[in-house]
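Give me the fold of what follows.
(one chain, ligands or ions: 1)
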Amino acid sequence: MKMPKVTHRYCPWCNKATEQKIESYKSGGKRGSLTHGSIARARKRGQGRGVGNRGKWGSKPAISKFKRTGAKSSKKTTLQYVCKVCGKALQQYKGFRAKKVEFI
Ligand SMILES: [Zn+2]
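Got it, this is the predicted structure:
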């Protein structure tokens, strides 16, 4: 899908519509399977309970219950709108599915 590089939309910091640059948002990194946070996250998701580490958390990387990688050919977009006036960035509220996003 082709997207414009610049758009005119509302900025909550400037409290008015301003020129904003559209770019794809890059998250910090992948979640580690061996971190303490990953176990806490698994607990919240209803996993990682019971006796022992269930072969998931320890010296070996996590074994995924779902092996459906590549089931979908498109990914949801995460766009970032950077205000040209104040320089602050706002993330896209709701992503849409697209195979490829091009900025023209
Ligand atoms: Zn602004």
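
For the residue located most distally from the centre of the chain, give its distance to the ion.
If you look at how far each residue of the chain sits from its centre, by Cα atoms, centre = their mean, the farthest one is V51, at 32.2 Å. To the ion, V51 is 53 Å away according to Cβ to the ion, to the nearest Å. Using the backbone N, CA and C atoms, a C-beta is placed for each residue, glycine as well.

What of T77?
Separation of T77 from the ion (Cβ to the ion): 22 Å.

Quick check: that residue touching A98?
Yes: T77 is in contact with A98 according to Cβ atoms under 8 Å; the separation is 5.7 Å.

Now do whichever strand in the chain runs longest, average pLDDT.
As assigned by DSSP state E, the longest strand anywhere in the chain is strand 16-24. Regarding strand 16-24, the rounded mean pLDDT is 94.

just the CA coordinates of the next helix or strand after that strand, formatted as CSV?
As assigned by DSSP states H and E, the chain's next helix or strand after strand 16-24 is helix 36-44. Presented in CSV, the C-alpha positions along helix 36-44 are these (Å, rounded to 0.1, in the frame of the first residue of the first chain):
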residue,chain,number,x,y,z
HIS,A,36,12.3,-12.8,34.2
GLY,A,37,9.7,-10.5,32.5
SER,A,38,8.9,-13.3,30.0
ILE,A,39,7.8,-15.6,32.8
ALA,A,40,5.8,-12.8,34.4
ARG,A,41,4.2,-12.2,31.0
ALA,A,42,3.4,-15.9,30.6
ARG,A,43,1.7,-16.0,34.0
LYS,A,44,-0.5,-13.1,33.0
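
For helix 36-44, name the packing helices and strands.
Based on contacts counted as 3 or more Cβ pairs under 8 Å, 6 or more residues apart in numbering; DSSP states H and E, there is no element that helix 36-44 packs against.
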